[in-house]
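S.K.: Predicted coordinates and the sequence they were generated for:
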2 protein chains.
Amino acid sequence: MYRLAFIGFGVVGQGLAEILLEKKNVLKDCYGFEYLVVAVSDFNKGSAYSPDGLDLSTLLELAKQNKISEYPGARTGLDALNTIKETNADIVLEATYTDIETGEPAYSHFKAALESGKHLVTTNKGPTTLFFRELSDLAAKKDVRFLFEGTVLSGTPALNLCHLCLAGNDVTEIRGILNGTTNFILTNMEKGKSYEEALKEAQELGYAEAKPDADVEGWDALAKVVILAKSVMGADIGVGDVDRSGITGIKLQDIEQAKKEGKRWKLIGKVTKEGGSVRASVRPEKVELTDPLASVGGATNALTFVTDLMGEVTIVGAGAGKKETGFSLLSDLLSIHRMS
Amino acid sequence: MYRLAFIGFGVVGQGLAEILLEKKNVLKDCYGFEYLVVAVSDFNKGSAYSPDGLDLSTLLELAKQNKISEYPGARTGLDALNTIKETNADIVLEATYTDIETGEPAYSHFKAALESGKHLVTTNKGPTTLFFRELSDLAAKKDVRFLFEGTVLSGTPALNLCHLCLAGNDVTEIRGILNGTTNFILTNMEKGKSYEEALKEAQELGYAEAKPDADVEGWDALAKVVILAKSVMGADIGVGDVDRSGITGIKLQDIEQAKKEGKRWKLIGKVTKEGGSVRASVRPEKVELTDPLASVGGATNALTFVTDLMGEVTIVGAGAGKKETGFSLLSDLLSIHRMS
């Protein structure tokens, strides 16, 4: 029986909570996985703690109204750090917002969880990108897990695909479509829309932010490239080592020119291992139509692993979504269960 | 330290042996996996057994000359069944030839291994297709593993992708390109070749047999569909329950017509769960160009899993090959190691 604490209870946390609720019996019967949610702490929605477990339906209902602190009978008012340190949770689920410059406040949450000897499962790219080595070492020292499948391709197997299913392979290159917003824009430009029109549609559909730089300038993809380089290839690279350019310079005539060449523009994140060093980039590339990445349209993501034994293995799937990102956390929970 | 016995030491067995030899240190250092090959028995190449381990380089050299029985100092002359029963191996690697009608001789090997309380790892579709339930029950009763990643998509993660990385999902449909030979033929027909020309080229390249029925009539894909239906969906279906047709009826004008419709012919193996029942088929289908399966050309394979939480997840990779199928066995060995 695992005791879970949610730090951040927005779309992703609620996504997992709904899955845990819906699949309680399946998880127990098929995988022998049993859980209690003992604590939730969300900066806006409030906090609740009960060492004997909180009811998920009640929590989800209260979360809608930002009234988690009104959970009947629970201890309330614990902030994130106190929830991590003072509750009886043995797994911390960190799903607060990503800050790719400082990693905070999640970085403090991560450290507190690991230092308290609690497993840490997260979808937060900030600290995972910036402080991967330090956090991995801390987890190893404390003999707990630090898992973050959801930071790349949401719940579509990327890190687990590599670590579990491709174990034994030497991965020499990873390249892929790591950002759904830019892929949606490029796919729409293929249909004849201008960059501005395609961006506007992405914003209307909620794929892109009002200030779309994190996506269109390649920062989001860059974070994922760094996580792949560090966690799959053990590379010692930082954000500043990635050759980055976004899609804002791509014009309709570039799209047309690529079509004539039998190619298609994609924003490709790439890490290549050569000898002892690793090169990483995020930039628009003209991909051959026969490349499995070429046919990946809309907001879908995809990754190709180039390996010594299996050649190229490509996975295609969702890169975002409430259920999909919620599932990434479940996937890591089941990994912890499998390893224990 | 695992003690391994190879039953059948052809291309696949040797493929694994080469990987084990080359990666001995990596497997130990990165995964804590250590092995001894204690026995090999091959109907044509001879047999050797040494409880303290055989040297893999020597074995591979002797195998080339069909002289395994001349291994210096080893006990020789044990047939497959005696090798399984009388040696100190704790994992049996079964890679003899596939007979999809009787499952023999592999079926007897499988039963002997499991009854002896040894883990069974195989690439053999015969018994896995025909006697899955019985063999799974026997493995469970004896508390050993029966693993067969290589029966579908060779070492490209298919069963493990589902069981490890997508665990927690309900898989409602699986569809894919499960046979490289027919996909190679169809891809060449797209380039304007007739079926007969494309088949001849596949035969010249060693993709297709002189008698190509197992591939072109869909039998090979059918076996894989049955394995997926049984092992992923727990379906109780047999070979005769699959609606099967091959690619021999596809003409160049069909290919052209599909192009005009913005589609492409693929031999699609499919299993669909609806309510309590499962429907399975192998037949040529016109796939939309936007489908990830459409861009899978040549001898490459691909599978799409339709799931409740993750939507569609597609994996693309090799479906055959010495190293690739050899790796599928390694992948299962590492699974046994992870579970123990």
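M.R.: Perfect, I can see it now. Numbering: from 1, shown residues only, chains lettered A, B, ... in the order given.
S.K.: ok, the residue nearest the centre of chain A to chain B distance?
M.R.: For chain A, the residue nearest the mean C-alpha position is A:Thr151 (1.9 Å; Cα atoms, centre = their mean). Applying Cβ to the nearest Cβ, to the nearest Å, the value for A:Thr151 to chain B is 15 Å. Any C-beta I mention is one placed from the backbone N, CA and C, and that applies to glycine too.
S.K.: can you tell me if the longest helix seen in chain A touches chain B.
M.R.: Identified as the longest helix of chain A according to DSSP state H is helix A:322-339. Yes - applying Cβ under 8 Å from any Cβ of the partner chain, one finds helix A:322-339 in contact with chain B at A:323-324, A:326-327, A:330-331, A:334, A:338-339.
S.K.: Give me every residue in the stretch 151-300 of chain A lying close to chain B.
M.R.: So the stretch 151-300 of chain A meets chain B at A:155-157, A:160-161, A:164-170, A:289-292, A:294-297 (Cβ under 8 Å from any Cβ).
S.K.: hmm, try it at 6 Å
M.R.: A:155-157, A:160-161, A:164-165, A:167-168, A:290, A:292, A:295, A:297 (Cβ under 6 Å from any Cβ of the partner chain).
S.K.: And the residues you listed, which is the shakiest by pLDDT?
M.R.: Within these, A:Thr290 has the lowest pLDDT, namely 86.
S.K.: related to what we said a few turns ago, may I see the residues of the stretch 151-300 of chain A next to chain B organised as TSV, with neighbour count and secondary structure added?
M.R.: Shown next, in TSV, are those (neighbours: other Cβ atoms under 10 Å in any protein chain shown; DSSP: H, G, I helix; E, B strand; the rest coil):
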residue	neighbour count	secondary structure
A:Gly155	36	coil
A:Thr156	32	coil
A:Pro157	28	coil
A:Asn160	24	helix
A:Leu161	25	helix
A:Leu164	21	helix
A:Cys165	30	helix
A:Ala167	19	coil
A:Gly168	23	coil
A:Thr290	14	coil
A:Pro292	26	coil
A:Ser295	23	coil
A:Gly297	18	coil
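S.K.: How about A:Lys270: what's its closest non-neighbour residue?
M.R.: Excluding its sequence neighbours, the residue lying closest to A:Lys270 (Cβ to Cβ, 6 or more residues apart in numbering or on different chains) is A:Arg175, at 4.1 Å.
S.K.: Please name the bridge partners of that neighbour.
M.R.: On the basis of DSSP bridges, A:Arg175 is bridged to A:Lys270, A:Thr304.
S.K.: Quick one: residues contacting it.
M.R.: Contacts here follow Cβ atoms under 6 Å, 6 or more residues apart in numbering or on different chains; on that basis A:Arg175 touches A:268, A:270, A:304.
S.K.: mind checking how far the nearest residue to A:Gly311 once chain neighbours are set aside is from B:Thr156?
M.R.: Nearest non-adjacent residue to A:Gly311, counting by Cβ to Cβ, 6+ apart: B:Ala318, 5.6 Å away. For B:Ala318, the distance to B:Thr156 equals 6 Å [Cβ to Cβ, to the nearest Å].
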